[in-house]
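1. I would like the atomic coordinates for the input below:
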Amino acid sequence: MKISSIIERKNGRVIAISSQANLKAVADLMLDHRVGALVVMKSGKAVGLISERDIVEALSCHSHAAGLIRLQEILSSRFIVVSPEETIRRAMSTMTRERVRHLPVIDEGKLVGIVSMGDIVKHLIEELELETIDRQQEISPPTATTRFVDHGRFRKGLRRLRGS
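-> Residues are numbered from 1 along each chain as shown. Presented below is the predicted three-dimensional model:
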């Protein structure tokens, strides 16, 4: 499976913010949209990612003034992205190796989405559930049928009848 399958389900929804914004605006936007990271934009191009972890680090380093700091002042030059054609397995490996929980998805230089570790886990769980259903349908029914024998209002037991 490819990252594009996750992006399609999310309808390409990406919450982004200007590199000129301050950390208070970042935190407010994250709260409003209930997301853990925002793509940082400059002149219409994705230039970075700001996460909850980055906000905590800024608060620790800059104390009370952290809310006024502009993103461009603290934005890391390390910007890890993924292509929509990348496999989900490889994206998971990148996230684990780089210790990130969000990857912007860039296609031909254009931001088309963002995937989180949660998105990937949800996708994998759904895939496993479908595999389980497929396997259950592949199992042939037993030759002897099992029937419930009811006596009055209570089920007294199970009876296996051969050939019926």
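2. let me see the contact set for the residue nearest to Met95 when sequence neighbours are not counted.
-> Spatial nearest neighbour of Met95, chain neighbours left out: Met117 (5.8 Å); criterion: C-beta to C-beta, 6 or more residues apart in numbering. Backbone N, C-alpha and C define where each C-beta goes, glycine included. Neighbouring residues of Met117 by C-beta atoms under 8 Å, 6 or more residues apart in numbering: Met92, Met95, Arg101, His102.
3. can you lay out the residues you listed as CSV showing distance to Leu59 and secondary structure?
-> Below are the contacts of Met117 laid out as CSV (distance: C-beta to C-beta, whole Å; DSSP: H, G, I helix; E, B strand; the rest coil):
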residue, distance to Leu59, secondary structure
Met92, 29, helix
Met95, 24, helix
Arg101, 19, coil
His102, 19, strand
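4. could I get those residues as TSV with pLDDT, neighbour count and distance to Leu31?
-> Output for the contacts of Met117, formatted as TSV (pLDDT from 0 to 100; neighbours: other C-beta atoms under 10 Å; distance: C-beta to C-beta, whole Å):
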residue	pLDDT	neighbour count	distance to Leu31
Met92	94	16	27
Met95	95	19	24
Arg101	94	17	17
His102	95	22	16
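5. what is the most widely separated pair among those residues?
-> Met92 and His102 (12.7 Å; C-beta to C-beta).
6. what secondary structure does Ser76 sit in?
-> Judged by DSSP: H, G, I helix; E, B strand; the rest coil, the three-state class of Ser76 is coil.
7. contacts only, for it.
-> Ser76 makes contacts with Gly48, Asp54, as judged by C-beta under 8 Å, 6+ apart.
8. what about it, distance to Leu49?
-> As judged by C-beta to C-beta, to the nearest Å, Ser76 and Leu49 stand 8 Å apart.
9. then Val26?
-> Following C-beta to C-beta, the distance that separates Val26 from Leu49 is 11 Å.
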